[in-house]
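Q: this is a predicted model, with the sequence first.
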Protein chains: 2
Amino acid sequence: MAPSNLNPNLSADPTSSQALDVDAYVEGIRGGDRVVLSRAITLIESTRERDRVAAREVMDRLLPDAGQSIRVGVTGVPGVGKSTFIEKLGMSLVDDGRKLAVLAIDPSSERTRGSILGDKTRMGRLSQHESVYIRPSPTSGSLGGVARKTRETILLCEAAGYDTIFVETVGVGQSEITVHSMVDVFLLLGIAGAGDELQGIKRGVVEMADIIAINKADGDNVRRAERAQRQYENALQLFPPTDSGWEPAVLTCSAETGDGIEDVWTAVTEYVDHTQSTGFFGEQRRRQARYWMRQTIEQRLMDDFFSSSDVQSKLREIEDSVLDGTMSSFAAADELLDAYREGR
Amino acid sequence: MAPSNLNPNLSADPTSSQALDVDAYVEGIRGGDRVVLSRAITLIESTRERDRVAAREVMDRLLPDAGQSIRVGVTGVPGVGKSTFIEKLGMSLVDDGRKLAVLAIDPSSERTRGSILGDKTRMGRLSQHESVYIRPSPTSGSLGGVARKTRETILLCEAAGYDTIFVETVGVGQSEITVHSMVDVFLLLGIAGAGDELQGIKRGVVEMADIIAINKADGDNVRRAERAQRQYENALQLFPPTDSGWEPAVLTCSAETGDGIEDVWTAVTEYVDHTQSTGFFGEQRRRQARYWMRQTIEQRLMDDFFSSSDVQSKLREIEDSVLDGTMSSFAAADELLDAYREGR
C-alpha cells in the first residue's frame, strides 16, 4: 500500500490510477504540480520493477533541476513541540515567499507514528498552504530503504521548486545519523528541564547539532529556558569544534507564541552563509552524494549476501557460536564468505 | 616488515626465524611465554596465506581461554599525558598483582607515530615489568585491518593470562569508534583549559566516554582541573544517558604525582560491577562479537567489489558524475552493481 498523503486533491492511491509516462512526471514536477509530485514520490517508493525503471528515468531527467534549496534536519523527541515549531516557522517562511517541503524519516513506524506528521491538526494552517508540500515517511522498509526514498524525495521536491526542505525525525534511533547525512544543517529541538526529554535521544546526537533551540520558552518557563540555553552554551564549549568550523548556536524560542522562531531561521541562514563562504556547504553535499552511492552499494551487497541460501543455511549456527564465544568473529566471517563464494 | 616490538628478548623479525607449529604457539601462549605471544601476533598480522591459515587455527584453539579480562579503551589527544598516565596506572595495577597488556590502534601512523607507545622512556618502568606486555599498532593497513588484528591480539593476550587490556588511541579520527567497539569501558583523558586540547578530537567522542579523567591536576593546576571537572559534570547532565545506564564519571588526576590515579581505576571497576550486575557487560561483548563478524563480511564484500576490474573501469567516471551532480547516488550505485554482477 502506498503511504497516506496529507495533501489535498489526492484521495486515491496514486498507483491505482493509470500510470503517467516519464514525460508527464518530468513536466508536471517542473511545473510545480503537487499531485504529479506525489505520484512521482509514490513511484519512487514502489518496489515493482517496472516502477523502479520509470522512477530512475524520472530522477535522471530531473536531477539537473535539483539542489537549489536549504535542507534542514529537524530532530527532537516527542513532546518538545516539533509539529508546532514546524507549523510556526514554516508559516513565517512561506509568508516571506519561500516554498517549503516537509518530509519525515521514521522507520520505527508504529511506536512513534502519532508524532511524525501524523497529527494534521498541529500543522493545520501549514498543510493547507499552497506553498507547502507535506509528505509523511514511507510506511515500510528498512532505514536504508526509507533513507534512499527520502533522499530522492528531497531531489524531486527541489525540482518542483521547493527552496526549503525540512526533514523531520523523532530522535530516538539511528535515523538522526541518516538525516544528518542528507541535510545541510542539523537542528535539535529541546525543552528546559534538561534530562527528562533526553531519555529518548541517542548519544552522539547532541554533538551533531549545528543549532539547538530550546522550545517552550514562554510564560513561567522563559527563565528556565534561558538557563538551559546558558547551560548548553557552556557545555558545548567543552566539546570539539564541528567539521565546518561553525560554533553551534543555542537559542530559545516558543512555537506557541512565536517568540524567537525567526531567530532560529536567522541562525540557519547564518550557518548557510558561513559554510558557503568556506566552501564547506558544497563539499558536504558532494561528500553526502558519495556516501549515499557507497552506502547503497554496501546495502545491496549485504542484502545479497544474507539472503543467499548458502549463507542462510549456516548463519544461525555460526552466529550462535560467535555469540556464545566458541568461534571468533573473523573465523565466522571467513566461513560464511567461503560458503557464499562457493555457492555462486 | 613486522612491526617493531618493545619487549625484550626479541630483537629479530619473528617471521624470519623458523616458524613455530600451531601446537607450539598454543602451548607457549597458554604458558604465558611472551616471545611466543609476540610471534603469534606477528603471525596474525602477516598477509601470507600460509600464515593466515595457521593464525586462524591458533585463534580457534585459544578462543576458549580468552575473554577473562577487563578491556579498557584509553583515548586523548597528544599532550594530555597518555603515556605517563598509562605508566602510572599500569604500575599501580601490576603492584596489585594484575597482568597488563597495552595495545595501540593508530592507523594514521606516520603523523602521530611518536605519541603512540613509541616513546619507551615515558613507559620505562612499565615496559620492563614482567607482568606487562606492550605492543605497538601494526605499522600498515586500513583501519579495518588494524582493528581486526587488534581485536585478535586482545584475545591472544587474554589467552596468555593478561587480565587487564588497555587499548590506546590518539583520539583524532575514526579510531575511537573502532576502539569503542572492542572494549568494555571507554576512558577519555583530558586536561584543564578545555577547548584547545579538543581541537583534534572528533565530535561524538566525548559522548562515548564512560569515564573522563582530567589529567595534570597538580601544583597550580589543581583548581583549574577541578573547575574543568565540574564543567564536564554539568555538561554531561545535558546529554542523553548511556546505553548501559551508567552515569559517566568525571575525575581529576595527576599522572605526574600519582594523585587520583587509583580513583580512576576504582571508577573502572565500579563501571564493570555496574554493567555486570545489569547484564550489559556480557550483552555488549556479544553485540561486539556480532558487529565484528558483520563488519568483516562487509569489508570483504566491499573490497571485492571495488577491486573488481569491471567496477574499476567505470568507477572514476561514475563517481565524478555523482560529485558534480549530474548523476544521482542511487543511479550510480545501480550502474556499478550491474557492471559488477555482469562481470562475474
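A: Looks like it arrived, so ask away.

Q: would you mind measuring from A:Lys314 to chain B?
A: From A:Lys314 across to chain B, the span is 12 Å (Cβ to the nearest Cβ, to the nearest Å). From N, CA and C alone the C-beta is placed, and that goes for glycine too.

Q: can you list the buried residues in the helix or strand hosting that residue?
A: Using DSSP states H and E, A:Lys314 sits in helix A:309-323. Under the neighbour-count criterion of 16 or more other Cβ atoms under 10 Å in any protein chain shown, helix A:309-323 has A:Asp310, A:Val311, A:Lys314, A:Leu315, A:Ile318, A:Glu319, A:Ser321, A:Val322, A:Leu323 buried.

Q: before we move on, what about stretch A:211-219?
A: A:Ile211, A:Ile212, A:Ala213, A:Ile214, A:Asn215, A:Lys216, A:Ala217, A:Asp218.

Q: again with stretch A:84-95
A: For stretch A:84-95, by 16+ other Cβ under 10 Å, it's A:Thr84, A:Phe85, A:Ile86, A:Glu87, A:Lys88, A:Leu89, A:Gly90, A:Met91, A:Leu93, A:Val94.

Q: again with stretch A:219-231
A: A:Asn221, A:Val222, A:Arg224, A:Ala225, A:Ala228, A:Gln229, A:Gln231.

Q: give me the subset of the residues you listed lying in helices.
A: A:Val222, A:Arg224, A:Ala225, A:Ala228, A:Gln229, A:Gln231 (DSSP state H).

Q: the helix holding A:Lys314: what's the following helix or strand?
A: helix A:329-342.

Q: need the contact partners of that following helix.
A: Under the criterion Cβ atoms under 8 Å, 6 or more residues apart in numbering or on different chains, residues A:305, A:308, A:310-311, A:313-315, A:318-319, A:321-322, B:56, B:59-60, B:148, B:151-152, B:289-297, B:300-301 lie in contact with helix A:329-342.

Q: could you give the mean pLDDT of that helix?
A: For helix A:329-342, the per-residue pLDDT values average out at 93.

Q: and the angle for that helix with helix A:309-323?
A: 170 degrees (axes from the mean of the first three to the mean of the last three Cα atoms, to 10 degrees).

Q: can I get helix A:329-342 in CSV, CA atoms only?
A: Listed next in CSV are the C-alpha coordinates belonging to helix A:329-342 (Å, rounded to 0.1, in the frame of the first residue of the first chain):
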residue,chain,number,x,y,z
SER,A,329,34.1,-13.2,14.7
PHE,A,330,36.7,-13.4,12.0
ALA,A,331,36.6,-17.2,11.6
ALA,A,332,32.8,-16.9,11.4
ALA,A,333,33.1,-14.2,8.7
ASP,A,334,35.6,-16.3,6.8
GLU,A,335,33.3,-19.4,6.9
LEU,A,336,30.2,-17.5,5.8
LEU,A,337,32.2,-15.8,3.0
ASP,A,338,33.6,-19.2,1.8
ALA,A,339,30.0,-20.6,1.8
TYR,A,340,28.8,-17.6,-0.2
ARG,A,341,31.6,-17.7,-2.8
GLU,A,342,31.3,-21.4,-3.3
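
Q: and it, how far from the chain's centre?
A: 35 Å (Cα atoms, centre = their mean, to the nearest Å).

Q: which single residue of the stretch 101-250 of chain A ends up nearest chain B?
A: Nearest residue of the stretch 101-250 of chain A to chain B, counting by Cβ to the nearest Cβ: A:Ala235, 3.4 Å away.

Q: mind listing what that residue touches?
A: B:Gln231, B:Asn234, B:Ala235, B:Leu236, B:Leu238, B:Phe239.

Q: tell me how far A:Arg287 lies from chain B.
A: A:Arg287 sits 9 Å away from chain B when distances are taken as Cβ to the nearest Cβ.

Q: burial check on that residue, number of neighbours?
A: 14 (other Cβ atoms under 10 Å in any protein chain shown).

Q: that one sits in which helix or strand?
A: Element membership for A:Arg287, per DSSP H and E: helix A:280-307.

Q: count of neighbours near A:Ile29?
A: A count of nearby residues for A:Ile29, using other Cβ under 10 Å, gives 25.

Q: report the contact partners of it.
A: A:Val36, A:Leu37, A:Ala40, A:Val58, A:Leu62, A:Leu156, A:Ala159, A:Ala160.

Q: which members of these occur in helices, if any?
A: A:Val36, A:Leu37, A:Ala40, A:Val58, A:Leu62, A:Leu156, A:Ala159.

Q: burial count for the second one?
A: Other residues lying near A:Leu37 total 26 when counted by other Cβ under 10 Å.

Q: next one: the third one
A: Residue neighbour count, defined by other Cβ under 10 Å, stands at 30 for A:Ala40.

Q: please name the nearest non-neighbouring residue to it.
A: Nearest non-adjacent residue to A:Ala40, counting by Cβ to Cβ, 6 or more residues apart in numbering or on different chains: A:Tyr25, 4.9 Å away.

Q: what helix or strand is A:Gly67 on?
A: Here A:Gly67 is assigned to no helix or strand, by DSSP H and E.

Q: roughly how far does it sit from chain B?
A: In terms of Cβ to the nearest Cβ, A:Gly67 sits 6 Å off from chain B.

Q: before we move on, back to that, could you redo the ones in helices among the buried residues of stretch A:219-231 as JSON lines and give each row pLDDT?
A: Compiled in JSON lines, those are given as follows (pLDDT from 0 to 100):
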{"residue": "A:Val222", "pLDDT": "93"}
{"residue": "A:Arg224", "pLDDT": "90"}
{"residue": "A:Ala225", "pLDDT": "91"}
{"residue": "A:Ala228", "pLDDT": "86"}
{"residue": "A:Gln229", "pLDDT": "90"}
{"residue": "A:Gln231", "pLDDT": "84"}
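
Q: check these against chain B, which are close?
A: By Cβ under 8 Å from any Cβ of the partner chain, the members of those lying near chain B are A:Ala228, A:Gln231.

Q: and the pLDDT for A:Arg143?
A: To be clear, residue A:143 is Leu; Arg isn't right here. 70.

Q: does it touch A:Thr178 like I think?
A: Yes. In terms of Cβ atoms under 8 Å, A:Leu143 counts as a neighbour of A:Thr178; the distance is 6.0 Å.

Q: point out where the stretch 51-200 of chain A drops to low pLDDT.
A: Applying pLDDT under 70 to the stretch 51-200 of chain A flags residues A:106-122, A:139-141, A:171-174, A:193-200.

Q: what segments of it are strands?
A: Listed in chain order, the strands of the stretch 51-200 of chain A (DSSP state E, counting those that start in this stretch) span A:70-75, A:100-105, A:132-134, A:164-169, A:185-191.

Q: got the angle for the first one vs helix A:280-307?
A: Read that as strand A:70-75. Going by the same axes, to 10 degrees, strand A:70-75 makes 60 degrees with helix A:280-307.

Q: hey, C-alpha coordinates of strand A:70-75 in PDB?
A: The C-alpha coordinates for strand A:70-75 follow below in PDB (Å, rounded to 0.1, in the frame of the first residue of the first chain):
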ATOM      1  CA  ILE A  70      18.400  24.700   2.000                       C
ATOM      2  CA  ARG A  71      18.000  21.200   3.500                       C
ATOM      3  CA  VAL A  72      17.300  21.400   7.300                       C
ATOM      4  CA  GLY A  73      17.200  18.300   9.600                       C
ATOM      5  CA  VAL A  74      14.800  18.800  12.500                       C
ATOM      6  CA  THR A  75      15.000  16.400  15.400                       C
END
